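> Structure, please.
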Amino acid sequence: MQLVLRPYQPSDVENLVKHANNFNISKYLTNKFPFPYEEKDGKAFIQLALSHDPLQIKAIVLNDEVIGSIGVHQLTDIYSKSAEMGYWIAEEHWGKGIAPLVIKEMLKYGFETFDIERIFARTSHTNLASQQVLKKAGFVFEAELKGTIFKNGEYFDELIFGFRKHQLS
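Numbers count the residues shown, from 1 in each chain. Below is the predicted model:
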């Protein structure tokens, strides 16, 4: 198994769309991640991913095939020492230990690249798998915000997990 994080390439659009066009993925992400996920969405996302310098978003590539995405986005103003991490992996690769590996690699990249002390991730209270992945990667539960997510006509509690720079080994 060859697993790498790398910048997106325009040629990744086919695999990106193949794996991103899945309701079981989109239901846990913001509305910026559409369902259905079409070629135009993939092309726009790749363009966005390549527009940042330094890179904030990387492709998760397994055996030369894009199977997901991960990003670290530094906040601004009084929150400038924090960054938010977001990620998704193709459903066929869930439960195989890939997510904690790429999260740990992206944590290292985030702290080396940006002037930050904390990286956090948000998930809904119903996304138990993501909660477990974050804990496995060393994130610590920080907060629960009741009913702050509204997705597909329902309210969800938002759980926030954080990882501090000093936790890097």
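
> For residue 84, give its distance to residue 155.
Between residue 84 and residue 155 the computed distance is 21 Å (C-beta to C-beta, to the nearest Å). For glycine as for every other residue, the C-beta is placed from the backbone atoms N, C-alpha and C.

> Comparing those two, which shows the higher neighbour count?
Set side by side, residue 84 and residue 155 show more neighbours around residue 84, with 18 against 11, by other C-beta atoms under 10 Å.

> so the more buried one touches residue 72, yeah?
Yes. Using C-beta atoms under 8 Å, residue 84 is in contact with residue 72, at 7.4 Å.

> quick one: common contacting residues for the two?
residue 119 (C-beta atoms under 8 Å, 6 or more residues apart in numbering).

> So in terms of bridging, what pairs with residue 4?
residue 61 (DSSP bridges).

> Go ahead and confirm it touches residue 61.
Yes. Using C-beta under 8 Å, residue 4 is in contact with residue 61, at 5.0 Å.

> ok now do residue 126, which residues does it touch?
Counting by C-beta under 8 Å, 6+ apart, residue 126 touches residue 156.

> What separation do you get for it and residue 152?
11 Å.

> got a list of contacts for stretch 21-32?
19-20, 33-38, 86, 88, 90-91, 123-124, 127, 130, 151-152.

> just to revisit the earlier point, and residue 4 and residue 61? which has more neighbours close in?
residue 61 (20 against 13).

> Tell me how far that one lies from residue 93.
12 Å.

> does the residue nearest the centre of the chain have beta-bridge partners, and which?
In the chain, the residue lying closest to the centroid (C-alpha atoms, centre = their mean) is residue 87, at 1.5 Å. Residue 87 has these beta-bridge partners by DSSP bridges: residue 70.

> looking at it, it is touching residue 99, isn't it?
Yes. Under the criterion of C-beta under 8 Å, residue 87 makes contact with residue 99 at 6.8 Å.

> helices or strands up against the top helix by length along the chain?
Of all the segments assigned as helix in the chain under DSSP state H, the longest by residue count is helix 98-113. Judged by 3 or more C-beta pairs under 8 Å, 6 or more residues apart in numbering; DSSP states H and E, helix 98-113 is in contact with strand 3-6, strand 57-62, strand 65-74, strand 82-89, strand 118-124, helix 128-136.

> Please report how far residue 39 lies from residue 109.
28 Å.
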